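model the structure of this input:
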Amino acid sequence: MKLAVVGSGYVGLVTGTCFADMGNDVWCIDIDEKKIQGLKKGILPIYEPGLEEMVKRNYAEGRLAFTTNMKEGIREALFVFIAVGTPSDEDGSADLQHVIAVAREIGKCIEKYTIVIDKSTVPVGTAEKVREAVREELEKRGKSGVEFDVVSNPEFLKEGNALEDFIRPDRVIIGTDTPRAAEKMRELYSTFVRKGDRVMLMDIPSAELTKYAANAMLATRISFMNELARLCEVTGADVESVRRGIGSDSRIGNAFLYAGIGYGGSCFPKDVKALIYTLKDYGFQPKILSAVEEVNKLQRDLFIRKIVGHLGEDLSGVVFAVWGLAFKPQTDDMREAPAIDIIRGLRDRGASFKAYDPIAVDNARRVIGDTGIEYVKNNYDALKGVDALLLLTEWHHFREPDFEKMKDLMKKPVIFDGRNQYDPKKMKEAGFTYFSIGR
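Numbers count the residues shown, from 1 in each chain. Here you go, the predicted model:
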């Protein structure tokens, strides 16, 4: 099949590459000339395990192509995916200007029946706006007879595991109002759902809302556990024991029940805000989701207070090691990363830092800057002569470090663990002053 994917960021590049890897002919389209030229040379704008190899292979074998020319990219395509950003506007709503702009460009180019697919995370009602934008441009060209359908097909990709999520999906949500589009979309995804029909057909508004509902539910679980963690700290309970206790209930499960310094990334913060805005727009008071957002913001402040409570409000001359900068492991994504607020909050009090992340240093430098921060290439290098370690991202190689070596390198054996990676009892026995979340 012939596809076009407009937007070569995280979602668009993964989507286009995975479809190409299954034998389809895919054009990835982006207005950023530098990004497109880089992709042609095998230089990716994002980090995702396994993606670089897959891009290079499919490009070399001719199934995957890159262009800035919309007409070239969608000329023969039956499916055109819109996979551009929908960042939060100042009021929390999803900014749809890029989605609508792409829809208009599609309307300027298509000459035959085309399925226009919203892959971007968009609020209820966006498909109708896309439909109207395409229709208006066709009418301007005198091509109102050209048929097209609009489909909502939200993505459910976890950064760090996106290829597996796409190739072996839990579910494929397809929102459509025509049997023709439904049949074609089923055929397109059939390769990925051979071991069971995971395709779920539904109306378009339901599909649009499903993505937001999923992310908001996961964010709610995280904030719920972080609020419980505060109670655990003052009562002497252990949030890890509580997590195991409730997670063993088959109705609840263990996923996203880990206490820590809060969620970040490109999806949860933005999507919770957008759903709050949508509820308000329809006259509802989003009490649960407002609390979810508030708890998440407060969690970072509480971590800073924990540090200040031990070391004092004035941190002039205090040097922290930082292990982990990205919002989660297996990604270089710094969007809404807890490390940003924590480092800024401590830096404002006079602290300086030696920071390590295996992937995200370049992006962190752009977001946080160099002031008061030395970025190092090894996690142990970050420990030399520091007053305390801040563990902010749970990269796998932080799980079993050499604690004796750590003590020898640090000026003071103090650890503030924002991800509950270590056992408090063992840390005490090893001679560390150890602070974690809810334990």
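
need the residues that contact stretch 237-246.
Contacting residues not belonging to stretch 237-246 are listed as 225, 228-229, 231-232, 252, 254, 257-259, 420, 437-439 [CB atoms under 8 Å, 6 or more residues apart in numbering]. For the C-beta atoms, the positions are set from N, CA and C on the backbone; glycine is no exception.

among those residues, who's most crowded?
Neighbour counts for the contacts of stretch 237-246 (other CB atoms under 10 Å) peak at A259, which has 28 neighbours.

confidence score at the closest residue to that one other than its chain neighbours?
Spatial nearest neighbour of A259, chain neighbours left out: A229 (3.9 Å); criterion: CB to CB, 6 or more residues apart in numbering. pLDDT, A229: 98.

I261 is in contact with A229, correct?
No - contact status for A229 versus I261: not in contact, 10.3 Å apart, counting by CB atoms under 8 Å.

quick one: common contacting residues for those two?
Counting by CB under 8 Å, 6+ apart, the shared contacts of A229 and I261 are I437.

pull out the buried positions in stretch 161-181.
Neighbour-count burial for stretch 161-181 flags A162, L163, D165, F166, P169, V172, I173, I174, G175, T176, A181 (criterion: 16 or more other CB atoms under 10 Å).

for these, which one is nearest R221?
Compare each of the buried residues of stretch 161-181 with R221 using CB to CB and the shortest gap goes to D165, at 18.4 Å.

now do the closest one against G12, distance only.
For D165, the distance to G12 (CB to CB, to the nearest Å) stands at 15 Å.

for burial, what's the neighbour tally of the nearest residue to F398 once chain neighbours are set aside?
Spatial nearest neighbour of F398, excluding adjacent residues (CB to CB, 6+ apart): W323 at 5.4 Å. As a burial measure, W323 scores 29 neighbours (other CB under 10 Å).

what of A326?
Neighbour count for A326, taken as other CB under 10 Å: 28.

ok, the residue nearest to F398 - contacts?
The contact partners of W323, by CB under 8 Å, 6+ apart, come to Y356, D357, N379, A382, L389, L390, L391, L392, T393, W395, F398.

what ranges do the helices span in the stretch 51-200 of the chain?
Taking DSSP state H, counting those that start in this stretch as the criterion, the stretch 51-200 of the chain carries its helices at 51-60, 70-74, 97-109, 126-140, 162-167, 179-189.

could you dump those into JSON lines with mean pLDDT and distance to L44 added?
Putting the helices of the stretch 51-200 of the chain into JSON lines (pLDDT from 0 to 100; distance: least, CB to CB, whole Å) gives the following:
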{"stretch": "helix 51-60", "mean pLDDT": "98", "distance to L44": "5"}
{"stretch": "helix 70-74", "mean pLDDT": "97", "distance to L44": "19"}
{"stretch": "helix 97-109", "mean pLDDT": "97", "distance to L44": "20"}
{"stretch": "helix 126-140", "mean pLDDT": "98", "distance to L44": "28"}
{"stretch": "helix 162-167", "mean pLDDT": "96", "distance to L44": "12"}
{"stretch": "helix 179-189", "mean pLDDT": "97", "distance to L44": "24"}
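
out of those helices, which gets nearest to G431?
Per CB to CB, nearest to G431 of these: helix 162-167, 40.2 Å.

tell me which residues are up against that closest one.
Here helix 162-167 makes contact (CB under 8 Å, 6+ apart) with 10, 14-15, 18, 21, 48-51, 54, 156-158, 192.

if we go to 6 Å?
In this structure, residues lying in contact with helix 162-167 by CB atoms under 6 Å, 6 or more residues apart in numbering are V14, C18, E48, G50, L157, K158.

helix, strand, or coil at the third one?
With DSSP: H, G, I helix; E, B strand; the rest coil as the basis, E48 sits in coil.

look up how far D408 lies from it.
36 Å.

with the first one instead?
As judged by CB to CB, V14 and D408 stand 43 Å apart.

who has more neighbours, the two?
Taking other CB under 10 Å, V14 and D408 do not tie; V14 has more neighbours (26 against 12).

any idea how the chain splits into domains?
2-202, 268-435 (automatic domain parsing).

so which of these is nearest T220?
With CB to CB, the closest approach to T220 among the domains of the chain belongs to domain 268-435: 5.0 Å.

quick check: end-to-end length of the closest one?
The first residue of domain 268-435 is 26 Å away from its last residue (CA to CA, to the nearest Å).

relative to helix 126-140, how tilted is the top helix by length along the chain?
In the chain, taking DSSP state H as the definition, the longest helix is helix 204-235. Interaxial angle of helix 204-235 relative to helix 126-140 (axes from the mean of the first three to the mean of the last three CA atoms, to 10 degrees): 140 degrees.

got phi/psi on the residue lying farthest from the centre of the chain?
In the chain, counting by CA atoms, centre = their mean, G142 sits farthest out from the average C-alpha position, at 40.9 Å. Backbone torsions of G142, given as degrees, to the nearest 10, read phi 70, psi 30.

appreciated, that's everything.
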